[in-house]
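Visitor: kindly return the folded structure for what I paste below:
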Amino acid sequence: MYNTTKTIYSIIQDTYRTYGRIYKPLPNTTLNEKFGITTDIIFEKNPVLSYYAIGLDYEDMLEDSDANIDNVRHEIYDGSLFRHAPLIARKKSIGFTLNELDKYRMFVEKDINGETYIFAFVKVIDTIYDSDKILLATSTDNNEPELSVFSTENTNTLNPTPKTRDDVLDSTIDYLTFKMYATVILDADELDELRNASKLLYGDDVNVSLGEVGFISGIDLTNGSNKELYNATIEYFVKVQHLLDDNEITDVFKKSVEIGGMTPKPFRIYW
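Guide: Model prediction:
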């Protein structure tokens with residue numbers, strides 16, 4: 001996806017899991033360090049991609065006023081969004097409901113105008129769509145691949161036949177692909193919460209348009225009524241553009257990221 005950046009930390013985690021090793025976050029790569037909470041590294045198990053954070057529009061952060069924000073991308077080694085939006089805020093004296101504590105993570109205290117507020121910067125992903133389908137993309141004359149379902153039931157996968165190099169046609173690019181979807185949804189009430197929390201934290205003049213989403217892996221641990229997130233690492237940055245009306249919010253924000261990969265069929269190696 002053109003608007004998606006996969007971080008090197010996602011690749012490192014994939015590699016650790018492949019070898020059955022426990023991922024060890026490198027220094028200055030977790031949101032725990034950024035927000036200064038639950039900074040202990042947990043080595044008991046591997047993080048799971050189950051969370052996300054929202055970033056506000058960042059056009060005013062560009063040094064070049066003539067830069068095209070559509071061409072601005074994260075570096076693959078970036079560890080946080082350009083400007084994190086608090087998803088929800090509550091006065092510390094009031095606190096969060098049990099339902100809110102179940103949905104949100106990364107609770108940060110801030111003193112504003114003599115009152116202590118708690119801001120939540122991470123939320124559990126709303127929906128992850130499972131899949132058991134492998135897709136075959138076959139080249140066509142108009143360069144648009146034709147997609148079909150590849151079934152291991154109808155293919156002799158366990159008794160393959162040798163193919164020579166001559167069987168590989170360089171003019172065609174057929175490949176197999178597998179992917180699952182992680183989808184985040186913010187309804188009108190949640191967008192209103194985000195807008196109010198952002199203005200409380202950054203000031204009334206902040207542009208509360210949404211600019212990006214960070215898909216996060218981490219380890220959830222329960223501490224009393226709170227669920228604390230450890231080893232929180234952004235695996236994917238997804239650029240978005242979602243304007244919020246300062247007077248009334250009536251729309252819904254929804255964004256998905258495709259997690260998976262593809263490999264050419266058959267695989268070609270040139271020496």
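Visitor: so where do the helices sit in the stretch 51-200 of the chain?
Guide: Taking DSSP state H, counting those that start in this stretch to define them, one finds helices in the stretch 51-200 of the chain at 98-103, 188-202.
Visitor: tell me the secondary structure of the residue positioned nearest the centre of the chain, please.
Guide: In the chain, the residue lying closest to the centroid (C-alpha atoms, centre = their mean) is Phe215, at 1.4 Å. With DSSP: H, G, I helix; E, B strand; the rest coil as the basis, Phe215 sits in strand.
Visitor: hey, what's it bridged with?
Guide: Tyr52, Tyr236 (DSSP bridges).
Visitor: roughly how far apart are it and Ser256?
Guide: Using C-beta to C-beta, to the nearest Å, Phe215 is found at 10 Å from Ser256. Where C-beta positions appear, they are placed from N, C-alpha and C, glycine not excepted.
Visitor: give me the common contacts of those two.
Guide: Each of Ala182 lies in contact with both Phe215 and Ser256 under the rule C-beta atoms under 8 Å, 6 or more residues apart in numbering.
Visitor: any idea how many residues pack against Cys15?
Guide: Just so we're on the same page, residue 15 is Thr rather than Cys. Per other C-beta atoms under 10 Å, the neighbour tally for Thr15 reads 11.
Visitor: next up, phi/psi of it, please.
Guide: phi -70, psi -40 (degrees, to the nearest 10).
Visitor: any idea of the pLDDT on it?
Guide: pLDDT for Thr15: 95.
Visitor: pass me the low-pLDDT residue ranges in this structure, would you?
Guide: Scanning the chain for pLDDT under 70 picks out the ranges 1-2, 64-71, 141, 143, 165-173, 225, 243-250, 265-271.
Visitor: ok, 80 please
Guide: 1-3, 58-72, 139-145, 154-155, 162-173, 223-226, 241-251, 262-271 (pLDDT under 80).
Visitor: quick one: the strands in it, in order.
Guide: Secondary structure of the chain (DSSP state E): strands located at 4-6, 48-56, 84-85, 88-91, 104-112, 115-124, 127-129, 134-138, 146-150, 175-186, 210-223, 226-242, 253-264.
Visitor: can you list the strands that the shortest one pairs with?
Guide: Sheet neighbours of strand 84-85, with direction, are listed as strand 48-56 (antiparallel) (DSSP bridges).
Visitor: buried stuff in the partner strand?
Guide: In terms of neighbour count (16 or more other C-beta atoms under 10 Å), strand 48-56 has its buried residues at 49-56.
Visitor: burial count for Leu201?
Guide: Using other C-beta under 10 Å, Leu201 has 18 other residues around it.
Visitor: grab the nearest non-local neighbour of it.
Guide: Once flanking residues are discounted, Leu201 sits nearest to Pro86: 5.4 Å by C-beta to C-beta, 6 or more residues apart in numbering.
Visitor: tell me how many other residues crowd that neighbour.
Guide: Neighbour count of Pro86, defined by other C-beta under 10 Å: 28.
Visitor: next, work out how far apart it and Pro264 are.
Guide: Distance, Pro86 to Pro264, by C-beta to C-beta: 44 Å.
Visitor: for the residue nearest to Leu201, give its distance to His242.
Guide: 16 Å.
Visitor: one more: Gly203?
Guide: As judged by C-beta to C-beta, Gly203 and His242 stand 20 Å apart.
Visitor: more neighbours, the two?
Guide: Taking other C-beta under 10 Å, Gly203 and His242 do not tie; His242 has more neighbours (18 against 8).
Visitor: wait, the more buried one sits on Ser209?
Guide: Yes - between His242 and Ser209 a contact is recorded at 6.5 Å, counting by C-beta atoms under 8 Å.
Visitor: quick check: bridge partners of Ile259?
Guide: Met180.
Visitor: residues touching it, list them.
Guide: 49, 179-182, 236.
Visitor: if we can go back for a sec, contacting residues for the residue nearest to the centre of the chain?
Guide: Contact partners of Phe215, counting by C-beta under 8 Å, 6+ apart, are 49, 51-52, 125, 182, 234-236, 238, 257.
Visitor: please redo it, this time with the cut-off set to 6 Å
Guide: By C-beta atoms under 6 Å, 6 or more residues apart in numbering, the contact list for Phe215 reads 52, 235-236, 257.
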